[in-house]
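> need a structure here:
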Amino acid sequence: MVKVKPPVVELTLPVLPDMELAATKTAEVVSKHMGLNDDQAAEINMALIEACINAFEHSESDKQIEIHFKIKDDLLEIQVTDKGIGFDKSKVAIPKIEEKLGSDYKRGWGLQLIKELMDTVKFESTEEGTTVTMTKKK
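Below you'll find the predicted structure:
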């Protein structure tokens with residue numbers, strides 16, 4: 001029997017305003033193809049927006065990011081990669097809501113939000129860039 005390679009959708013997005021919306025449109029098509037429900041699709045979109053915004057903010061040399069959607073039976077794996085300077089995830093603190101409410105700076109929730117929305121999340125970061133790999137089960 002011939003083993004069929006799972007489908008992969010690849011995007012390369014320039015760092016431009018609202019370009020994360022191109023990623024969410026692709027995620028919607030992939031979610032529908034996999035038969036995911038509306039709640040799952042919405043969670044994927046929110047996590048993907050956060051991952052893209054983080055990648056856009058930290059992308060250095062290329063000024064573009066890559067996104068790979070890997071469709072595996074009952075699992076969707078999404079990888080968002082930037083060519084930034086990397087980060088040490090152990091030094092990223094979970095924000096305190098009391099401090100955020102009184103602040104004009106509302107950013108800083110992205111990593112925690114991604115972890116809450118997706119089934120698994122893995123961060124790989126070096127001086128050459130960062131890849132966030134997230135999965136959602138059907």
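> report how many residues lie close to Gly74.
In this structure residue 74 is Asp, not Gly. When neighbours are defined as other C-beta atoms under 10 Å, Asp74 has 11 of them. The C-beta positions use only the backbone N, C-alpha and C, and glycine is treated the same way.
> pretty sure Pro7 is touching Asp73, no?
No - counting by C-beta atoms under 8 Å, no contact exists between Pro7 and Asp73, whose distance comes to 11.1 Å.
> comparing the two, which residue is more hemmed in?
Using other C-beta under 10 Å, the more surrounded residue of Pro7 and Asp73 is Pro7, with 12 against 9.
> check contacts around the more buried one.
Applying C-beta atoms under 8 Å, 6 or more residues apart in numbering, one finds that Pro7 lies in contact with Lys70, Ile71.
> list the pairing partners of the helix or strand hosting Thr131 within its sheet, with orientation.
If you go by DSSP states H and E, Thr131 is part of strand 129-137. Strand 129-137 sits in its sheet next to strand 75-82 (antiparallel), strand 120-126 (antiparallel), going by DSSP bridges.
> buried residues, it. List them.
Buried residues in strand 129-137, counted by 16 or more other C-beta atoms under 10 Å: Gly129, Thr130, Thr131, Val132, Thr133, Met134, Thr135, Lys136.
> what's the answer for stretch 39-52, then?
Under 16+ other C-beta under 10 Å, the buried positions of stretch 39-52 are 40-52.
> what's the following helix or strand after the lowest-mean-pLDDT helix or strand in the chain?
Lowest on mean pLDDT, DSSP states H and E among the helices and strands of the chain sits helix 97-101, with a mean of 53. For helix 97-101, the following helix or strand on the C-terminal side (DSSP H and E) is helix 110-117.
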